[in-house]
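**Q** the following comprises the amino acid sequence and a computationally predicted model.
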Amino acid sequence: MRYRRLLVICTIVLSLVFAACKTKQTDRNYTSSLEGEAILVPSMTGGIVNKLFISEGDWVDAGDTLAVLDSREIKYQIEQLDASQRELEIQKIIAKTNMNQTQEDLRHSMETTERLQSIYDVNGLSRQSLDDANNMAKKVKSMAANSREQYMMLEASQSKVESQKKILRKKLNDAILIAPSAGTITGLYFHAGEAIPMFGNLCEVVDTRVLTTKIYVAETVLNAIRIGQPVMLSTANGSKHPGKVVVISSKAEFTPKTILTPDTRSAMVYAIKISVDNPKAMLKIGMPVDIEL
């Protein structure tokens, strides 16, 4: 009788232990989906897509040419500014000749005025003649100042044209869309022959070599997690992939409705970001995975 009672007690204790172990393991299992760091590739200038070198699902490296937009209008504008620049250069030559001439006239007028002043001082010249010489010197001085200002205005106009050309040359470069980073084309929003507006996104690039996922844990579990901690991710087909914790949120939040955790929906939880290497592209974006801490 005593043996049976002892056996019952042992059975109950072992059941409690196994239940506790099972609960502990469940508390460390989570379900989420894989994500990638997506980069949208915008067109900094608008135009028709003349050439498209990519398709959805293609892998691209950083610096690869993705598309070339029609840039004829920009080239025509640059040619127009080139013509304006040549015209300004001719005007500058004429203005510089005038400026040099007025400077010479001013020098000659000042010398004449000084000479007539000396004659006037010894009573050898009328006051009217001296006043006429001074007035002429003032006019020549004003003409010299105007010619300098005109030359400076032409220089300023030339600088303005050069700045406009720089803007157009940048737009010309912007008409060639380049991959900002390596990754897979996960979305293609415009095709050859279509007009893409300024700042419109041509495509989306995701580097699938490293994927991430997020889980949300309760505060009671938080102190057992650290940056760099290894985790194991499992897919529906049974394949396992090692990952690691890369970010631990320092701010509590309510569990998002799209996230499945053993905690209640109203509990305050902390976001944990996990990364997993995917060199062979076996894992896909959006794929559900089980995460075991």
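**A** That came through fine.
**Q** name the SS class of residue 159, please.
**A** helix (DSSP: H, G, I helix; E, B strand; the rest coil).
**Q** how close does it sit to residue 202?
**A** Using C-beta to C-beta, to the nearest Å, one gets 34 Å for the distance from residue 159 to residue 202. C-betas here are computed from N, CA, C, even on glycine.
**Q** what about these two, which has more around it?
**A** The residue with more neighbours, out of residue 159 and residue 202, is residue 202; 24 against 11, by other C-beta atoms under 10 Å.
**Q** need the nearest residue in space to that one, chain neighbours excluded.
**A** Closest residue in space to residue 202, ignoring its immediate chain neighbours: residue 41 at 5.0 Å, by C-beta to C-beta, 6 or more residues apart in numbering.
**Q** for the one you found, report the pLDDT, please.
**A** pLDDT recorded at residue 41 is 97.
**Q** how about residue 222?
**A** Among the per-residue scores, residue 222 shows a pLDDT of 85.
**Q** my guess is it meets residue 252, correct?
**A** No - Residue 222 is not in contact with residue 252 according to C-beta atoms under 8 Å; the separation is 9.3 Å.
**Q** residue 144 falls within a helix, correct?
**A** Yes - the assignment for residue 144 is a helix, going by three-state DSSP.
**Q** all helices for the chain, in order.
**A** 2-27, 72-121, 127-174, 219-222 (DSSP state H).
**Q** any residues in contact with both of residue 222 and residue 252?
**A** Residues touching both residue 222 and residue 252 (C-beta atoms under 8 Å, 6 or more residues apart in numbering) are residue 270.
**Q** what residues sit buried inside stretch 146-155?
**A** 147, 148, 150, 151, 154 (16 or more other C-beta atoms under 10 Å).
**Q** is it possible to get JSON lines of those residues that adds distance to residue 163 and pLDDT?
**A** What follows is these, written out as JSON lines (distance: C-beta to C-beta, whole Å; pLDDT from 0 to 100):
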{"residue": "147", "distance to residue 163": "25", "pLDDT": "86"}
{"residue": "148", "distance to residue 163": "23", "pLDDT": "87"}
{"residue": "150", "distance to residue 163": "21", "pLDDT": "88"}
{"residue": "151", "distance to residue 163": "19", "pLDDT": "88"}
{"residue": "154", "distance to residue 163": "15", "pLDDT": "91"}
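**Q** reformat those residues as CSV; add distance to residue 83.
**A** As requested, the buried residues of stretch 146-155 are exported to CSV (distance: C-beta to C-beta, whole Å):
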residue, distance to residue 83
147, 25
148, 26
150, 21
151, 21
154, 15
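**Q** how many neighbours does the spatially closest residue to residue 77 that is not a sequence neighbour have?
**A** Nearest non-adjacent residue to residue 77, counting by C-beta to C-beta, 6+ apart: residue 168, 5.4 Å away. When neighbours are defined as other C-beta under 10 Å, residue 168 has 21 of them.
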